[in-house]
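[1] sequence first, then the predicted structure:
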Amino acid sequence: MHRVNVYDKATGIPLYDRVWKWKDQEEQKSPGTVTGLVQFFYQFAREIDKGEVNRVVFEKSIEEESRGRYGARGSYPRFGMSMNAMHRAQQRRKSVVEDNRIELYTCDNDQIVAALFVGAHFGQDKAKGLAKAIADVFVDNFDKKLVELEPKLLQAGKNPEEATFNVTFMPEFDKFSEVVDKLIEDA
């Protein structure tokens, strides 16, 4: 598990953000950066299709990673290698890719968008189910709070550039961490 981010669908204002493992510690402090990234993918999806984002895969370049880990020649099969050596090289290459892949899964409803960042080993079906569970349970747990905050969210979201970095509403949803822990445990 890398990160869970939930934001208000109408305004883009972050409501909940939890980080377990993230490369840049400074960016870890900015849920708005992640919210903006997810919004970008939704906008891109609307321009090319029906606007759904289910899964986005981020991975380091294989060559970049293999140079650092396996030397300048990397883990690509080369002329003259035995079948066993080629198989081992392909397995190392696959391992390098999977170890350096982060997958984004999203689920949205009328009120919120839930974004889940996981490692490649988490499993696609498990991650899809967890993203849906996070979205559903968030709304179930905070439906009244979301209705209560709606006028304030709409007012605060009038400037889209500032909205994604507005973290003033996040303390209202801090207790969701306990629920997320349970959902992850049950996934």
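    Great, that's in hand. Residues are numbered from 1 along each chain as shown.
[2] specify the beta-bridge partners of the most centrally placed residue in the chain.
    In the chain, the centroid-proximal residue (C-alpha atoms, centre = their mean) is residue 117; its distance is 2.9 Å. Beta-bridge partners recorded for residue 117 (DSSP bridges): residue 3, residue 104.
[3] any idea how far it is from residue 48?
    22 Å (C-beta to C-beta, to the nearest Å). Using the backbone N, CA and C atoms, a C-beta is placed for each residue, glycine as well.
[4] also residue 143?
    Noted for residue 143: a distance of 32 Å to residue 48, by C-beta to C-beta.
[5] kindly report the same for residue 12.
    20 Å.
[6] between these two, who's got more neighbours?
    Each of residue 12 and residue 48 has its neighbours counted (other C-beta atoms under 10 Å); residue 12 has more, 23 against 7.
[7] would you agree residue 11 is in contact with residue 152?
    No - contact between residue 11 and residue 152 fails when scored by C-beta atoms under 8 Å: they sit 9.8 Å apart.
[8] compare these two (neighbour count), which wins?
    Between residue 11 and residue 152, counted using other C-beta under 10 Å, the more crowded position is residue 11 (22 against 13).
[9] which strand or helix spans the more buried one?
    Using DSSP states H and E, residue 11 sits within no helix or strand.
[10] grab the nearest non-local neighbour of it.
    Leaving aside its chain neighbours, residue 11 sits nearest to residue 157 (2.6 Å; criterion: C-beta to C-beta, 6 or more residues apart in numbering).
[11] and the one you found, what's its pLDDT?
    On the pLDDT scale, residue 157 is placed at 94.
[12] try residue 28
    Residue 28 is given a pLDDT of 58.
[13] got it, and residue 20?
    Looking at residue 20, the pLDDT reads 89.
[14] same check on the one 3 residues further on?
    The pLDDT attached to residue 23 in the predicted structure is 70.
[15] helix or strand: which one has it?
    Going by DSSP H and E, residue 23 is not in any helix or strand.
[16] got a list of what residue 159 touches?
    Under the criterion of C-beta atoms under 8 Å, 6 or more residues apart in numbering, residue 159 has no neighbours.
[17] please tell me how far it sits from residue 43.
    17 Å.
[18] quick one: residues in contact with the helix or strand encompassing residue 113.
    Using DSSP H and E, residue 113 sits within strand 112-119. For strand 112-119, contacts defined as C-beta under 8 Å, 6+ apart pick out 1-9, 15, 34-35, 38, 42, 98-99, 101-108, 127, 130-131, 134-135, 138-139, 146.
[19] list the contacts for residue 110?
    Neighbour list for residue 110: residue 9 [criterion: C-beta under 8 Å, 6+ apart].
[20] secondary structure class of it, three-state.
    coil (DSSP: H, G, I helix; E, B strand; the rest coil).
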